[in-house]
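Visitor: Can you look at this prediction? I've put the sequence above it.
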Amino acid sequence: MKKLLVLLLVVGLAVTVFAGCKTAPPVVTKIKVGLVTDVGGRGDRSFNDSALRGLETWAAKVEYVQGGGYSAITDAQYTASIPDDLKNMNITALNVEPIVLESKAKEDYIPNIQNLVEQQNCQLVIGVGFMLAGAIGESALKYPDTKFMLIDATPVDADGNTIDPANVVSYLFKENECGYLVGAIAGYVTNTNKVGYVGGMAIPPVLRYEAGYRAGVKTTNPTATIYGQYTNSFTDPSLGKTATDAQIGLGADVIFHAAGATGNGMFQAICEKGAPYWGIGVDVDMGLDPNLCPDRTLTSSIKHVDLATYDAIKSVVNNAFQSGAITLSLKDGGVGYAPDHVADVLTQDQITKIENLRTMIINGTITVPEDPKNVDSWTPPASF
Amino acid sequence: MQLLNLAIAMMLDFAAPILLASLGGVISESSGVVNIALEGIMRFSAFFGVWGSAVAKNQWVGLLWGIGIGIVVGAFHAYITVKWAGDQIVSGVAINVVSLGIITYFLELIFKTTGYSPSVPYFGSAANRISLTFLSKIPVLGAFSRLTIFVWLSLLLTGGLHFLLYHTVLGLRIRSVGENPTAAETLGVNVFKIKWFAVIMGSVFAAIGGAALSLGTMASFNNTGVAGGKGFIALAAMIFGKWTPFGAMLAAFLFASAQVLQFILQATARGIASQIPSGFYSALPYFLTIGALVGVVGKAVGPAADGIPYKKES
């Protein structure tokens, strides 16, 4: 009886093996694009999700389903996924297949990239975030035939020296410019003349946000006090909440965070307090996220990681890939601020002034500092 | 004065999960079973709490789910370490590691994400806080006017556990089992039953602490931030507090005060002080804790038979 069972199992296995061969789909030449998330991972409502939108939703026109598969999305869903300020950017579905690997720890970066290159044969591998600079740099040297895209940083080799291999494109953002505009808005909105800033870790993109924000507040409200602090974590909302509660206790009524998931705690604190406190989101339009605090989200400082990801994929699809560093700024619409509640709180005159500031940055009249240390010596524009 | 009240309230809020888990450690180790799975149990109950709250649209159900999973995990730990006299550290590490994988799996299965669950009803919302408005204007006491239920639970349970351990027969038995199980056995105490009880009770305490993280402070579960080492801090608080409930409370308060202090100091740093790297502030709670441990607390001696599996001589 036992032998019969074994025999049946073997036959069953053999049949399914062959069945697999039989039903194999006809070979479609989809370009495989791999993506390695930062430790924040899928569902961080911020940075990683933005990159995933560029790859999965816009480039591949699919939606992630639980368990690891994808299902197609409708044209209506596709159009709805593109925000208003990117409607004229010519975003259309491309012939790509996304393969996403999530990193649970920093040690996962290199094995994930290795997997995408060696097992999955991806033509393009995307590394999301500053933390992957080393992993992408080392892998780019190891696999010269694969193209790499790095967001928020330029690749570095094993010794930490910046390198510029011919198969890596880096996308950087002028976070100081969008940070500046939300800072200018915060300077107008505060009633207590005190505003707050919660940073994750003091890495260059976050420091640029801080520098821009401080400069923006200084422009529209030179007498305002700015409480700023770093939680040294992108992943612990309870720290973000404690930091926000402390700043509210000190009198701040408008608080901006650039702290990834730690910042979710800022919105939690703002939501519990309610009016008159305002929170300002980061990276994506957090005012649209029902899980945060849409009612008290003044605006969000946006950087279009999704657009950068999409552009890089498009360049590979169209055989137009170029290595080097690309910096997206206010000028090309790569950064900006979300409308959220701005129109409800600012006067028309103030909104015009904010738009003037935007124009002045674009045409070079204002240069926003990139390092918070330089803000004190920086002179805001006299008239705008 | 407003700031002082707020700082105390923040401190209590931050300390509650650590204190609750620490109390769990105290009761479990008093009976001689090391429980380094506090971190994992907190993760389990934080997640199940959010799940329950999401399913029932009610935070109380969430708390019950959290306690429920605490009992299950505690029973598992007791099964390994008491029933089979397995290595307590290995079992604890296993629970911590399993919690990482299994919760990621559940998170994806239930909430379609591996990062952050959606928001659910929770105890920290204005309506669900315990409001004692008459206190709000009084210095120091004002801090107690708008706390969550978890803070009150952590304070009450500290007193409750102290009473249980030092003023009841059961407490005496628990401690005797932790100090000298063989002697306890000869006096007719059922060592295994006592250990089972203490381990499961300890897990329940830690589970309430875990629920405090996801349903008290936050209204959602996030995979990378919960418990974020708070289970291990709780373990340290337990040793720091010399395995007593009130000692654990002081240790948790010291750590949480330092945490709140560093936030206020960092935010208000001006001039030359603003040049201090933020890492210094982040390390401040740990510096203070080590300083207090070396300077004030002195030698901490745990229960004599702590960590030694008990086997009946046959």
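Guide: Sure thing, it's come through.
Visitor: any idea how far the closest residue to chain B within the stretch 251-384 of chain A lies from residue A:199?
Guide: Of all residues in the stretch 251-384 of chain A, the one sitting closest to chain B is residue A:291 (4.6 Å; Cβ to the nearest Cβ). For the C-beta atoms, the positions are set from N, CA and C on the backbone; glycine is no exception. Counting by Cβ to Cβ, to the nearest Å, the separation of residue A:291 from residue A:199 is 22 Å.
Visitor: Looking at these two, which one has more neighbours?
Guide: residue A:199 (27 against 16; other Cβ atoms under 10 Å in any protein chain shown).
Visitor: Spatially, what comes nearest to the more buried one if we skip its sequence neighbours?
Guide: Nearest residue to residue A:199 in three dimensions, chain neighbours excluded: residue A:230, at 4.4 Å (Cβ to Cβ, 6 or more residues apart in numbering or on different chains).
Visitor: Relative to residue B:115, how far out is the residue most central in space within chain A?
Guide: Centroid-nearest residue in chain A: residue A:47, 2.7 Å away (criterion: Cα atoms, centre = their mean). Remark: distance between residue A:47 and residue B:115 (Cβ to Cβ) = 11 Å.
Visitor: anything in contact with each of these two?
Guide: residue A:40 (Cβ atoms under 8 Å, 6 or more residues apart in numbering or on different chains).
Visitor: Can you show me the strands along the chain?
Guide: Because you didn't say which chain, this covers chain A. A:31-36, A:62-65, A:69-72, A:96-101, A:124-127, A:147-151, A:168-173, A:194-199, A:225-230, A:254-258, A:278-283, A:297-303, A:324-328, A:335-337 (DSSP state E).
Visitor: Please refer instead to chain B.
Guide: Using DSSP E, strands in chain B cover B:130-131, B:146-147.
Visitor: what sits against the residue nearest to the centre of chain A?
Guide: Going by Cβ under 8 Å, 6+ apart, the list of residues near residue A:47 reads A:38, A:40, A:128-129, A:260, A:283-284, A:305.
Visitor: can we see that at 7 Å?
Guide: A:38, A:40, A:128-129, A:260, A:283, A:305 (Cβ atoms under 7 Å, 6 or more residues apart in numbering or on different chains).
Visitor: ok, now residue A:253?
Guide: Contacts of residue A:253 by Cβ under 7 Å, 6+ apart are A:190-192, A:194, A:276-278.
Visitor: Leaving out chain neighbours, which residue sits closest to it?
Guide: The nearest residue in space to residue A:253 (Cβ to Cβ, 6+ apart) is residue A:192, at 4.8 Å.
Visitor: Just confirm that neighbour contacts residue A:251, I think it does.
Guide: Yes. Using Cβ atoms under 7 Å, residue A:192 is in contact with residue A:251, at 4.9 Å.
Visitor: Hmm, residue B:208 and residue B:153 touching each other?
Guide: Yes. Taking Cβ under 7 Å as the definition, residue B:153 is a contact partner of residue B:208 at 6.3 Å.
Visitor: which one of those two has more residues nearby?
Guide: Comparing residue B:153 with residue B:208 by other Cβ under 10 Å, the one with more neighbours is residue B:208, at 29 against 22.
Visitor: Quick one: the helices in chain A, in order.
Guide: A:2-22, A:47-52, A:75-81, A:109-114, A:133-142, A:175-189, A:204-220, A:237-249, A:262-273, A:305-317, A:342-345, A:348-362 (DSSP state H).
Visitor: how about residue B:30, what does it touch?
Guide: With Cβ under 7 Å, 6+ apart, residue B:30 has these contacts: B:165, B:174-175, B:178, B:198, B:243, B:303.
Visitor: what about the residue nearest to it when sequence neighbours are not counted, how many residues close to it?
Guide: Ranked by Cβ to Cβ, 6+ apart and with sequence neighbours excluded, the top spatial neighbour of residue B:30 is residue B:178, at 4.8 Å. If you count neighbours by other Cβ under 10 Å, residue B:178 ends up with 27.
Visitor: if I look at residue B:178, how far off is chain A?
Guide: Separation of residue B:178 from chain A (Cβ to the nearest Cβ, to the nearest Å): 32 Å.
Visitor: So that residue sits against residue B:308, correct?
Guide: No. Residue B:178 lies out of contact with residue B:308 (Cβ under 7 Å); the separation is 9.8 Å.
Visitor: shared neighbours of the two, anything?
Guide: Joint contacts of residue B:178 and residue B:308 (Cβ under 7 Å, 6+ apart) are residue B:32.
Visitor: thinking again about what came up before, which one of the strands of chain B lies nearest to chain A?
Guide: The minimum distance between chain A and the strands of chain B falls on strand B:146-147, with 9.6 Å, by Cβ to the nearest Cβ.
Visitor: Report all helices and strands that the closest one contacts.
Guide: helix B:2-30 (3 or more Cβ pairs under 7 Å, 6 or more residues apart in numbering or on different chains; DSSP states H and E).
Visitor: now the angle from the helix it packs on to helix A:262-273?
Guide: Here helix B:2-30 runs at an angle of 120 degrees relative to helix A:262-273 (axes from the mean of the first three to the mean of the last three Cα atoms, to 10 degrees).
Visitor: roughly how far out does helix B:2-30 sit from the chain middle?
Guide: 8 Å (Cα atoms, centre = their mean, to the nearest Å).
Visitor: Do me a favour and average the pLDDT over that helix.
Guide: Mean per-residue pLDDT for helix B:2-30: 92.
Visitor: For residue 130, which residues are in contact?
Guide: Assuming you mean chain A. By Cβ under 7 Å, 6+ apart, the neighbours of residue A:130 are A:152-153, A:203-205.
Visitor: oops, I was thinking of chain B
Guide: Residues B:147, B:149, B:152 are the ones in contact with residue B:130 under the rule Cβ under 7 Å, 6+ apart.
Visitor: List only buried entries from those residues.
Guide: Among the contacts of residue B:130, the ones that count as buried by 16 or more other Cβ atoms under 10 Å in any protein chain shown are B:147, B:149.
Visitor: got the contacts of residue B:130 as JSON lines, with pLDDT and distance to residue A:31 columns?
Guide: Below are the contacts of residue B:130 laid out as JSON lines (pLDDT from 0 to 100; distance: Cβ to Cβ, whole Å):
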{"residue": "B:147", "pLDDT": "90", "distance to residue A:31": "56"}
{"residue": "B:149", "pLDDT": "94", "distance to residue A:31": "54"}
{"residue": "B:152", "pLDDT": "95", "distance to residue A:31": "58"}
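Visitor: how about low-confidence regions in the chain?
Guide: With no chain named, the answer covers chain A. Across chain A, the ranges flagged by pLDDT under 70 are A:1-28, A:66-67.
Visitor: Oops, wrong one, chain B.
Guide: Those would be B:1, B:271, B:314, if you go by pLDDT under 70 across chain B.
Visitor: and it, which residues reach chain A?
Guide: Residues of chain B lying close to chain A (Cβ under 7 Å from any Cβ of the partner chain) are B:3, B:6-7, B:10, B:14, B:108-109, B:112-116, B:118-119, B:124-126, B:213, B:217-220, B:222, B:224-225, B:228, B:259-260, B:263-264, B:266-268, B:278-279, B:282.
Visitor: So what does the residue nearest to residue A:104 when sequence neighbours are not counted have for phi and psi?
Guide: Leaving aside its chain neighbours, residue A:104 sits nearest to residue A:39 (6.7 Å; criterion: Cβ to Cβ, 6+ apart). Main-chain dihedrals, residue A:39, degrees, to the nearest 10: phi -60, psi -20.
Visitor: which residues does residue B:275 contact?
Guide: Applying Cβ under 7 Å, 6+ apart, no residues contact residue B:275.
Visitor: rerun that using 10 Å as the cut-off
Guide: If you count contacts by Cβ atoms under 10 Å, 6 or more residues apart in numbering or on different chains, residue B:275 has them with A:373, B:269.
Visitor: Now do the residue nearest to residue A:104: how many residues are near it, please.
Guide: Residues near residue A:39, counting by other Cβ under 10 Å: 22.
Visitor: so residue A:38 touches residue A:131, yeah?
Guide: Yes. Counting by Cβ atoms under 10 Å, residue A:131 is a contact partner of residue A:38 at 5.6 Å.
Visitor: No further questions, thank you.
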